[in-house]
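A.B. asks: what follows is a predicted protein model with its sequence.
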Amino acid sequence: MGKYFGTDGVRGKANVELGPDLAYKLGRAGATYLLERSEQPFGKMVIGRDTRISGPMLEAALVAGITSVGVDVILLGVVPTPTVAYLSQLSEVDGGVMISASHNPFGDNGIKFFDSQGYKLMDEMEAEIEALIDEGVEHFAIDENIGRIGDIDEPLRVYIDHLKNAISCDLSGLKVVLDCANGAAFEAAPMLLQELGADVVVLHAKPDGININTQCGSTHLDDLQKEVLAHKADVGIAHDGDADRMIAVDEKGQVINGDVVMGICGLHMMRKGHLNQNTVVVTNYSNLGLKELFEEYDGTVSVTQNGDRYVLERMLENGYSLGGEQSGHIIFLDHTTTGDGLLSAIKLLESLKESKKKLSELGDQLKPWPQLNDKVRVKQKEELKSNHLIQEVIRAAEERLQAEGGRLLVRASGTEPVIRVMLEGKDLERLEAEMEPIKEVINRELN
């Protein structure tokens, strides 16, 4: 993580860590950097946002920064993050910006950049933007060279038409309950599923600026589970605030997380000959049961460090076509350049319809190892690796788990003031016994 950028762009409390001043500087530095590295510079960028009340404020500051260096801006309004990624590569632009804090509460917000190929920026690229912010961008456009502000008609239309071509069947005959998290998917997701022929029951699609992710969406599944059962639906789909992730619920109300989605879609792609090298890329947080599942069918799992950018990097390096995270960020690289919750949803529904099975049957193919995930809210997350007492407790627990084939992962969140702890092994009671002492020492030492 850098001075301003975390694991997924710049993120923080709106008007505290991330206010108009920083957004303006990010606009100037980001536009300057993207214009300089663009192969065919057009002097134009696209900007999208989610439904947070702070979005228009940060958008205005970003626009001021970008246009001040002579770059035009196309405002997309409220759109999913992958819409920005797609239009960044499709249009004659030098890159794009998404204003969103994903699954975080409404009071937070974030800014992330995409290059002219539709990819999130790598760490070294973000470091160069940070250097430009600290050094100051000297250039100010004047007279007719000041950037202009425009928009395009129906920015969702091109994106949705692209997604509709990504599956080989329609979705008629499927009943879907859809939770839009009162976020960026509130228009696009119902439109996509309905145009593909699904019978759709829509939840949480009335954003008011402050209800994004509030007891809804991919991190709060209670409503979705209840409504799937009440409507006797085939599947439930939940997005997060910016719609770059998706978590599902089967017809029994059971959660289908990103690992299970990759298992279902990956095996379906293998059967059709569409999974390059029969390999799926996952992070070290994915369940070991996923590895066992693919190996059973002569497939392979390639493991990276946590973060969808590292998944994408591995996929690009080796030509893999499917990868993602347990949290529901899934990349279908034949169709997109980033995690796309709407695409993940229709690819799962395609697998479901063409299999002629129930989603619970497909989900049961993966036999997950017991896994515990928890987090500790702290004041000093930067001291995690340097605290000897914490590291000693972690090493001891790690040795005990590894002796039985299990594992332990402890890391500071890149987007929240929390330490995340994951334990995995064959014995759930053993994991529970190991978890509490670790959380206790982290809480004591970092608060």
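C.D. replies: Sure, I can see it.

A.B. asks: partner strands of the lowest-mean-pLDDT helix or strand in the chain and their direction?
C.D. replies: Within the chain, no helix or strand scores below strand 5-6, which has a mean of 88 by mean pLDDT, DSSP states H and E. Listed by DSSP bridges, the sheet partners of strand 5-6 and their directions read strand 9-13 (antiparallel).

A.B. asks: ends of stretch 172-183, how far apart?
C.D. replies: 26 Å (C-alpha to C-alpha, to the nearest Å).

A.B. asks: in that stretch, what counts as buried?
C.D. replies: Buried residues in stretch 172-183, defined by neighbour count with 16 or more other C-beta atoms under 10 Å: 174-183. Quick note: C-beta positions are derived from backbone N, CA and C, even for glycine.

A.B. asks: how far away from the center of its chain is that stretch?
C.D. replies: Stretch 172-183 sits 18 Å away from the centroid of its parent chain (C-alpha atoms, centre = their mean, to the nearest Å).

A.B. asks: do the same with stretch 186-193
C.D. replies: Counting by C-alpha atoms, centre = their mean, stretch 186-193 comes out at 18 Å from the chain centroid.

A.B. asks: now do stretch 362-377
C.D. replies: For stretch 362-377, the distance to the chain centre is 18 Å (C-alpha atoms, centre = their mean).

A.B. asks: from start to finish, how long is that stretch in a straight line?
C.D. replies: Using C-alpha to C-alpha, the two ends of stretch 362-377 sit 36 Å apart.

A.B. asks: what's next to it, contact-wise?
C.D. replies: 250, 254, 256, 259-260, 263-264, 267, 285, 287-290, 292-293, 351-352, 355, 406, 413, 416-428, 431-432, 435, 439, 442-443, 446 (C-beta atoms under 8 Å, 6 or more residues apart in numbering).

A.B. asks: and H268, how far from E126?
C.D. replies: From H268 across to E126, the span is 35 Å (C-beta to C-beta, to the nearest Å).

A.B. asks: and for D72?
C.D. replies: 23 Å.

A.B. asks: ok, these two, which is more surrounded?
C.D. replies: Of the pair D72 and E126, E126 is the one with more neighbours under other C-beta atoms under 10 Å, namely 24 against 19.

A.B. asks: hmm, back to that, among the buried residues of stretch 172-183, which two are most distant?
C.D. replies: Pairwise distances across the buried residues of stretch 172-183 peak at 23.8 Å for L174 and N182 (criterion: C-beta to C-beta).

A.B. asks: and stretch 5-22, C-alpha only, in CSV?
C.D. replies: The C-alpha trace of stretch 5-22 is given here as CSV (Å, rounded to 0.1, in the frame of the first residue of the first chain):
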residue,chain,number,x,y,z
PHE,A,5,-3.6,4.2,-2.5
GLY,A,6,-4.6,1.1,-0.7
THR,A,7,-5.4,-2.3,-2.1
ASP,A,8,-8.2,-1.0,-4.3
GLY,A,9,-7.6,2.6,-5.1
VAL,A,10,-7.8,5.5,-2.7
ARG,A,11,-10.4,5.0,0.0
GLY,A,12,-11.5,6.7,3.2
LYS,A,13,-14.1,8.6,5.2
ALA,A,14,-15.6,11.1,2.8
ASN,A,15,-14.6,14.7,3.6
VAL,A,16,-12.1,13.4,6.2
GLU,A,17,-9.4,11.1,4.7
LEU,A,18,-10.9,11.6,1.2
GLY,A,19,-12.2,15.1,0.5
PRO,A,20,-12.4,17.5,-2.5
ASP,A,21,-8.8,18.7,-2.0
LEU,A,22,-7.4,15.2,-2.4
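
A.B. asks: what comes up buried for that stretch?
C.D. replies: 5-12, 14, 18-20, 22.

A.B. asks: let me know the closest of those to F114.
C.D. replies: G9 (10.0 Å).

A.B. asks: what residues are bridge-paired with that closest one?
C.D. replies: Using DSSP bridges, the beta-bridge partners of G9 come out as G6, T7.

A.B. asks: wouldn't it be in contact with G110 here?
C.D. replies: Yes - using C-beta atoms under 8 Å, G9 makes contact with G110 at a distance of 5.1 Å.

A.B. asks: quick check: which element contains D161?
C.D. replies: helix 155-164 (DSSP states H and E).

A.B. asks: relative to the whole chain's centre, how far out is that helix?
C.D. replies: Centroid separation between helix 155-164 and its chain, computed with C-alpha atoms, centre = their mean, is 19 Å.

A.B. asks: run through who's touching whatever helix or strand comes next after it.
C.D. replies: As assigned by DSSP H and E, the chain's next helix or strand after helix 155-164 is strand 175-179. Contact partners of strand 175-179, identified using C-beta under 8 Å, 6+ apart, comprise 189-190, 193, 198-205, 216-218, 221, 223-224, 227-228, 231-239, 249, 349.
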